[in-house]
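Trainee: take this sequence and fold it.
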Amino acid sequence: MKGRRMAMRMKSQWIWVVRAGMLCFLVAMGVTSAIQLREKEQQRSAQSSLLPKVEAAEQEEHVLTTGTMIREFGAQDSRPMLVLSSSAAPTGKKAYLTFDDGPSLNTRRILHILQISGIKATFFVIGKTDPDSLALYKAIADEGHALGNHTFSHRYNSVYASVPAFKQDVEKLNQLLEQTAGVRPSILRFPGGSNNRMGWKSGGRHIMAKIAREMSNSGYQYFDWNVSSTDAASAVQPLSDIISSVKAGSQGKQQIIVLMHDMDAKTTTVEALPEVIRYLKNQGFAFDVLTKSSFNYHFLEPEALR
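Mentor: So this is what the prediction gives:
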């Protein structure tokens, strides 16, 4: 009998030991999970700090969604902030290929592909004064492509500091292009698109509307895009992503302005270009350059924020 009680006491003690061990294990697991969660949050925070900034080397285009525009500018839902405007009536399916941020090491490859494909495109260039770039400005114009102004510096904090600052930067590039290529563009594309908010810190919340109004009144026509190649989504976007983005974005449209980039790192854009052209041709698109009287697409109409 005494031995049985002792056995029961030992069993009871063992059960408590097991329970205590399990409790310690659960506490340890909880602490570990908390630590892991905190580490993941710190990693996400660190990754966010590495996302492209306004002055990032890749100078990628950042645009707002329609919903963001409505929230940021306090517009009513019924007011169209993503506006399709055209100064030319659609006549068949037409594609306007546009290349931003050149000239670059890839410009001659792009020009060669366009030449053998028998099509013309529009180059929204920035300011570069090295001999190769000066020669490329002239080559673009001489081969029948359109030169557009994408500002000389492409520096958001300076070009969007004020309306005069933007106009001065545009004029600086126009003078360079006139001297080197004999062309003084009256078409332009805003760095980041017409509805970007990266200039707010320098020029205030309504800087884009003010600049868009002034440039329109000064005789310029600005162009956004309604098809993105997404080649600015990463330093080197996968070839298949670029092609599939253009295919998807062009579905159901009669007139398209395609955003691509002419930069040293954008090698996959060049590699994707022949397939993009083939696909659009097979879909019945003709190709043309942008002019002031072309089909147009604005993310932001200046009149919308009066």
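
Trainee: the bottom helix or strand of this protein by mean pLDDT?
Mentor: helix 66-73 (a mean of 31; mean pLDDT, DSSP states H and E).

Trainee: I'd like the next helix or strand past that one.
Mentor: Moving toward the C-terminus from helix 66-73, the next helix or strand (DSSP states H and E) is strand 94-100.

Trainee: note down every partner strand of that next one and its orientation.
Mentor: Sheet pairing here is set by DSSP bridges, and for strand 94-100 it gives strand 122-125 (parallel), strand 255-261 (parallel), strand 286-287 (parallel).

Trainee: how about exporting that strand as PDB, limited to the C-alpha atoms?
Mentor: Written as PDB, here are the backbone C-alpha positions of strand 94-100 (Å, rounded to 0.1, in the frame of the first residue of the first chain):
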ATOM      1  CA  LYS A  94      -2.600  53.300 -84.200                       C
ATOM      2  CA  ALA A  95       0.300  52.700 -81.900                       C
ATOM      3  CA  TYR A  96       2.800  55.300 -80.700                       C
ATOM      4  CA  LEU A  97       5.900  53.800 -79.200                       C
ATOM      5  CA  THR A  98       7.600  56.100 -76.800                       C
ATOM      6  CA  PHE A  99      11.100  55.800 -75.200                       C
ATOM      7  CA  ASP A 100      11.900  57.900 -72.100                       C
END
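
Trainee: quick check: what element follows that strand along the chain?
Mentor: Counting by DSSP H and E, the element after strand 94-100 in chain order, helix or strand, is helix 107-117.

Trainee: pLDDT averaged over that next one, what's the number?
Mentor: Across helix 107-117, the average pLDDT comes to 99.

Trainee: buried stuff in it?
Mentor: Using 16 or more other Cβ atoms under 10 Å as the burial criterion, the residues of helix 107-117 that qualify are 107, 109, 110, 111, 113, 114, 117. To be clear about C-beta, it is placed using only N, CA and C from the backbone, and glycine gets the same treatment.

Trainee: do the same with stretch 143-157
Mentor: 145, 146, 147, 148, 149, 150, 151, 152, 153, 154, 155, 156.

Trainee: so for that stretch, mean pLDDT?
Mentor: For stretch 143-157, the mean confidence score works out to 98.

Trainee: please apply the same query to stretch 218-231.
Mentor: Stretch 218-231 comes out with an average pLDDT of 98.

Trainee: measure it end to end?
Mentor: Across stretch 218-231, the terminal residues are separated by 32 Å (Cα to Cα, to the nearest Å).

Trainee: how far away is residue 155 from residue 166?
Mentor: When Cβ to Cβ, to the nearest Å is the yardstick, residue 155 and residue 166 sit 11 Å from each other.

Trainee: where along the stretch 101-250 of the chain do the strands fall?
Mentor: Applying DSSP state E, counting those that start in this stretch to the stretch 101-250 of the chain gives strands spanning 122-125, 146-149, 187-188, 221-222, 227-228.

Trainee: which of those has the highest mean neighbour count?
Mentor: strand 122-125 (a mean of 27; mean count of other Cβ atoms under 10 Å).

Trainee: for that strand, give me every contacting residue.
Mentor: Among residues not part of strand 122-125, those counted as contacts by Cβ atoms under 8 Å, 6 or more residues apart in numbering are 96-103, 107, 137, 140, 145-150, 173, 177, 187-189, 223, 262, 289-290.
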